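A.B. asks: just need the structure, nothing else, for what follows:
(one chain, ligands or ions: 1)
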Amino acid sequence: MKISKILASIAAIGTLGLTGIAAHAQETIKVGLVAPFSGPFADYGKQMESGIKAYMKQHGDKVAGKKVEIIIKDTTGPVPEVAKRLAQELVVRDKVDFLAGFGLTPEALAVAPIAEQAKKPMIIMNAATSIITTKSNYIARVSMTLPQVSGPMATWAVKNNVKKVVTLVADYGPGIDAETAFKTNFIGGGGQVVESIRVPLRNPEFAPYIQRIKDAKPEAVFIFVPAGEQGIAFMKGYRERGLAEAGIKVIATGDLTDDHVLPAMGDAVLGVITSFHYSAAHDSPENKTFLKNFADANPGSGRPNFMAVAAYDGIHAIYEVSRKLNGKIDGDKAMAALKGMKINSPRGPITIDPATRDVVQTVYIRKVEKVNGEVYNVEFDKFADMKDTGK
Ligand code: PHB
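C.D. replies: Residues are numbered from 1 along each chain as shown. Coordinates of the predicted model:
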């Protein structure tokens, strides 16, 4: 090449610098994974990352001829400002094609305006307050909503002769959604809610609340607490204060008996009835494949939970969109591809509702039982094709 030509190319690179970077970015499909990877909710990010690894081990790290790159960002917990700043960095500096993750509702709500402004598809892999998907047309949810899983728990309970209940929920979006949906169906079915307790999201001290439940003498207590340590703490207090002996049953959303912490809860949790969209004990070929790939991709990491499944399905959806768009990700086209998408999930078939971009799925009623010596959420009843009822 002549010197003049080389200089001309350098000049061209100079002026077209940005285009050059954009062209390079087009060789990869970048997914920003925004979730807590440290602090009390660190397991949320870990489960999501592990679910994504399971999918990518099974299907490879390329789609539509491009390499899929996952960029991990740790929100450290329900800290909206941090989630927002990280999402901004992902959009502006890393030029991601998709935003994904979101373990806690405050993270998702903080990032929604960024997805809207940047026209970036935002795939919710957990955060479960109903309202989230209304905050931007670029949001699609593959996890669940609290109204979707709490309503069926109430319907099942009143039909099965539980008539007097106390509710206890974490005092923020998903907890309030759970309480509202539960009460609507429970009271609507002829039941009575004698007390509704709301506990702080961060480090709740359960002992006084558990005493209040005991004093109210209900037939059951309905619980929503965010998955993880809080479920273990609640069940410990429930046993220690003799609520089981007092004849007070536990009914809950499956967040309480999250598959990842369930083995650590041990016998204290046997007999607890929950409603949820995923159990590691779900009997299907898709779940068997998922469990195997999860174990292979994440040796020693224990049982996957519903967040791992949502992330596995979420990256599946991203692969499908990328294939449909031949690797050229445009926000509006990506959302059009997501609307109505069907996935054969390890939990059973799911659809992204084209009207709301929220997930439609079967909600199962399960009981904690021992299966081959290990505790599992064993499904025994179901509510098919459940939409979010909270909007
Ligand atoms: C949420 O913040 O939306 C959330 C967190 C944990 C759960 C469910 C929902 O288990």
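A.B. asks: was I right to think Arg239 contacts Asp267?
C.D. replies: No. Assessed by Cβ atoms under 8 Å, Arg239 is found out of contact with Asp267, at 9.2 Å. For every residue, glycine as well, the C-beta is placed using N, CA and C.
A.B. asks: ok, these two, which is more surrounded?
C.D. replies: Applying other Cβ atoms under 10 Å to Arg239 and Asp267 shows that Arg239 carries more neighbours, namely 15 against 10.
A.B. asks: give the contact list for the spatially closest residue to that one that is not a sequence neighbour.
C.D. replies: Setting aside the residues directly before and after it, Arg239 is nearest to Ala268 in space (Cβ to Cβ, 6 or more residues apart in numbering), at 4.9 Å. By Cβ atoms under 8 Å, 6 or more residues apart in numbering, the contact set of Ala268 is 235-236, 238-239.
A.B. asks: and what of Met335?
C.D. replies: Neighbour list for Met335: 121, 137-138, 140, 357 [criterion: Cβ under 8 Å, 6+ apart].
A.B. asks: from these, list just the buried residues.
C.D. replies: Using 16 or more other Cβ atoms under 10 Å as the burial test, the contacts of Met335 include 121, 138, 140, 357 as buried.
A.B. asks: in three-state terms, how would the third one be classified?
C.D. replies: It refers to Ala140. At Ala140, secondary structure determined by DSSP: H, G, I helix; E, B strand; the rest coil is strand.
A.B. asks: quick check: bridge partners of it?
C.D. replies: For Ala140, the beta-bridge partners under DSSP bridges are Ile123.
A.B. asks: state the distance from Ser136 to Gly101.
C.D. replies: 15 Å (Cβ to Cβ, to the nearest Å).
A.B. asks: could you do Arg241 as well?
C.D. replies: Distance of Arg241 to Gly101, given as Cβ to Cβ: 37 Å.
A.B. asks: more crowded one of those two?
C.D. replies: When Arg241 is set against Gly101 and neighbours are counted by other Cβ under 10 Å, the residue ahead is Gly101, at 37 against 17.
A.B. asks: so for the more buried one, what's the nearest residue that isn't a sequence neighbour?
C.D. replies: Spatially, and ignoring its direct neighbours in sequence, Gly101 is nearest to Ala35 (3.9 Å; Cβ to Cβ, 6+ apart).
A.B. asks: element containing the residue nearest the centre of the chain?
C.D. replies: The residue lying closest to the centre of the chain (Cα atoms, centre = their mean) is Asn126, at 1.8 Å. Using DSSP states H and E, Asn126 falls within no helix or strand.
A.B. asks: tell me the SS of Met335?
C.D. replies: helix.
A.B. asks: please enumerate the strands of the stretch 51-200 of the chain.
C.D. replies: 62-63, 66-74, 98-101, 122-124, 139-141, 164-170, 192-199 (DSSP state E, counting those that start in this stretch).
A.B. asks: wait, which of the ones you listed is closest to the ligand?
C.D. replies: Closest of these to the ligand is strand 164-170, at 8.0 Å (criterion: Cβ to the nearest ligand atom).
A.B. asks: quick revisit: dump the buried ones among the contacts of Met335 into CSV; add distance to the ligand and pLDDT as well.
C.D. replies: Converted to CSV, the buried ones among the contacts of Met335 look like this (distance: Cβ to the nearest ligand atom, whole Å; pLDDT from 0 to 100):
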residue, distance to the ligand, pLDDT
Pro121, 19, 98
Tyr138, 18, 99
Ala140, 16, 99
Arg357, 16, 98
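A.B. asks: hmm, which two among these are most spread apart?
C.D. replies: Using Cβ to Cβ, the buried ones among the contacts of Met335 span at most 9.8 Å, a distance reached by Pro121 and Arg357.
A.B. asks: shared neighbours of those two, anything?
C.D. replies: Common neighbours of Pro121 and Arg357 (Cβ under 8 Å, 6+ apart) are 140, 335, 338.
A.B. asks: and the helix or strand containing Asp385, what other elements does it pack with?
C.D. replies: Element membership for Asp385, per DSSP H and E: strand 374-386. On a contact count with 3 or more Cβ pairs under 8 Å, 6 or more residues apart in numbering; DSSP states H and E, strand 374-386 meets helix 146-159, helix 262-265, strand 273-276, strand 359-371.
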